[in-house]
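*Asks:* got a predicted model here, sequence first, then my questions.
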Amino acid sequence: MTLPYLAPVLDWYSANARDLPWRAPTATPWSVLVSEVMLQQTPVSRVLPAHRAWLARWPSPAALAADPPAAAVRQWDRLGYPRRALRLHETASIVTRRHDGQVPSSRDELLKLPGIGAYTAAAVAVFAFGRRHAVLDTNVRRVLARLASGREFPGPQPSTAEYRLAESLLPADPAVAARWSVAVMELGALTCTAARPRCMECPLAPQCTWLAAGRPPAKTKRVGQRYEGTDRQCRGRLLALLRESPEPVWLKNFDAVWPDDSQRARALDGLVADGLVDPLPNDRFALPALRPRIRESGGAYGAPALPAEYRPSRAPGPSPALRLRQARWRCRRRWPARSPRRRRPSPSRGRPTPASARRRR
């Protein structure tokens, strides 16, 4: 079934493929893994500088695992969805401890890593190790939906039928299958796009069911996600303040970056629950395992000794004391303390009400 599609797509890819660092022959599996995590819901144009900076600072999982999670969140900057930075740090720690610092090549082993789903595990196994798996991202699903089903867009989630179709199109040779997968992905990103497909430039135009049917539009129009004024924007503002501060931030200082009190409190609750922010004593907050620019022994940069509460634990994950502070913060936000209400004593049942009480009523 691949034969009518394989040669045109591979020839098109050879002439039109973008020069991306994670596709270079010298790219390491760690580079491919970082790129796939960054590319989740983020365009290539924004990922390129972030990927270069990340690999320049942490060229291996062991290098990232040696730094605190706060460093990963700071380096992530405004790439969006910052929980991915924490998951990458957790993944680097696990790869360093359990896999001798080498990214696993098996899809099943990759699925065990934090934040690695079915698509990312298959993509890393295929693009980093040349394994033969179906790789279904948004671009590939759109190409196959138009080519085989005659639909403008696929469904919201990959179906079993889509996986079967993608697997049936894979060449038998794993190396050729890997190149086919990246070529179809590139075709969807550059030519068979969502908004303005360039069908006359597509190598699959003669076989495309959707084009032959006159490019019928989808029954339901997709609505873009609003960002202005959302909790996502509020969370980003709060995290930006924490990234820019060399020391923990007081709770009252968040008022200056977001005016809505209830939304600001809700966003801060979410950041604490996600592990992106550590609540400290006396209503102060910091990035996870914050390591300020002073030595724990004190005296550096003219600053006092680092308090014990700020000293990050070398063990992976939050310390028991930090987990307790997080739980107390969530409880305090959800169930704030209230002054006890005075209850009126109800008259005793079966006994006559005294005359003094009747007069008070």
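*Replies:* In hand now; what should we look at? Numbering: from 1, shown residues only.
*Asks:* which residues touch the residue nearest the centre of the chain?
*Replies:* With distances taken as C-alpha atoms, centre = their mean, residue 84 lies nearest the centre of the chain, 3.5 Å away. Shown in contact with residue 84 (C-beta atoms under 8 Å, 6 or more residues apart in numbering): 37-38, 40, 76, 115. (C-beta placed from N, C-alpha, C; glycine too.)
*Asks:* these two touch, right, residue 16 and residue 189?
*Replies:* No: applying C-beta atoms under 8 Å, one finds residue 16 not in contact with residue 189, separated by 10.3 Å.
*Asks:* show me which of those two is the more surrounded one.
*Replies:* Higher neighbour count among residue 16 and residue 189: residue 189, with 18 against 14, using other C-beta atoms under 10 Å.
*Asks:* which residue packs closest to the more buried one, ignoring adjacent ones?
*Replies:* Spatially, and ignoring its direct neighbours in sequence, residue 189 is nearest to residue 139 (5.0 Å; C-beta to C-beta, 6 or more residues apart in numbering).
*Asks:* re the thing from before, sticking with the residue nearest to the centre of the chain, tell me its helix or strand.
*Replies:* According to DSSP states H and E, residue 84 maps onto helix 83-98.
*Asks:* helix or strand next in line after that helix, which one?
*Replies:* Note on helix 83-98: by DSSP H and E, the next helix or strand toward the C-terminus is helix 107-111.
*Asks:* tell me what the next helix or strand after that next one is packed against?
*Replies:* Later in the chain than helix 107-111, the nearest helix or strand by DSSP H and E is helix 118-129. If contacts are counted by 3 or more C-beta pairs under 8 Å, 6 or more residues apart in numbering; DSSP states H and E, helix 118-129 sits against helix 29-38, helix 107-111, helix 174-190.
*Asks:* mind checking which of those helices is nearest residue 289?
*Replies:* Ranking the helices and strands packed on helix 118-129 by proximity to residue 289 (C-beta to C-beta) places helix 29-38 first, at 20.0 Å.
*Asks:* tally of neighbours for residue 168?
*Replies:* Neighbour count of residue 168, defined by other C-beta under 10 Å: 11.
*Asks:* thinking again about what came up before, ok so the residue nearest to residue 189 is a helix residue?
*Replies:* Yes: counting by DSSP: H, G, I helix; E, B strand; the rest coil, residue 139 is part of a helix.
*Asks:* number the chain from 2, please
*Replies:* Got it, the first residue is 2 from now on, which makes the last one we talked about residue 140.
*Asks:* contacting residues for it?
*Replies:* Residue 140 makes contacts with 185-190, 193, as judged by C-beta under 8 Å, 6+ apart.
*Asks:* now the strands for this protein?
*Replies:* 250-251, 279-281, 285-287 (DSSP state E).
*Asks:* just say which of the ones you listed is most tucked in.
*Replies:* Neighbour counts (mean count of other C-beta atoms under 10 Å) averaged over each of the strands of the chain peak at strand 279-281, with a mean of 23.
*Asks:* now that one: average pLDDT?
*Replies:* Averaged across strand 279-281, pLDDT comes to 90.
*Asks:* note down every partner strand of it and its orientation.
*Replies:* Next to strand 279-281 in the sheet, as set by DSSP bridges, lie strand 285-287 (antiparallel).
*Asks:* contacting residues around the partner strand?
*Replies:* Here strand 285-287 makes contact (C-beta under 8 Å, 6+ apart) with 71, 243, 248-252, 255, 269, 273, 278-281, 311.
*Asks:* and that strand, how far out from the chain middle?
*Replies:* Relative to the centre of its chain, strand 285-287 is centred 22 Å away, using C-alpha atoms, centre = their mean, to the nearest Å.
*Asks:* what's the average pLDDT for that strand?
*Replies:* pLDDT averaged over strand 285-287 gives 91.
*Asks:* now the nearest residue to residue 243 once chain neighbours are set aside: how far from residue 246?
*Replies:* In space, and not counting its chain neighbours, residue 243 is closest to residue 288: 5.3 Å by C-beta to C-beta, 6+ apart. Distance, residue 288 to residue 246, using C-beta to C-beta, to the nearest Å: 9 Å.
*Asks:* which one's more surrounded, those two?
*Replies:* Higher neighbour count among residue 288 and residue 246: residue 288, with 24 against 16, using other C-beta under 10 Å.
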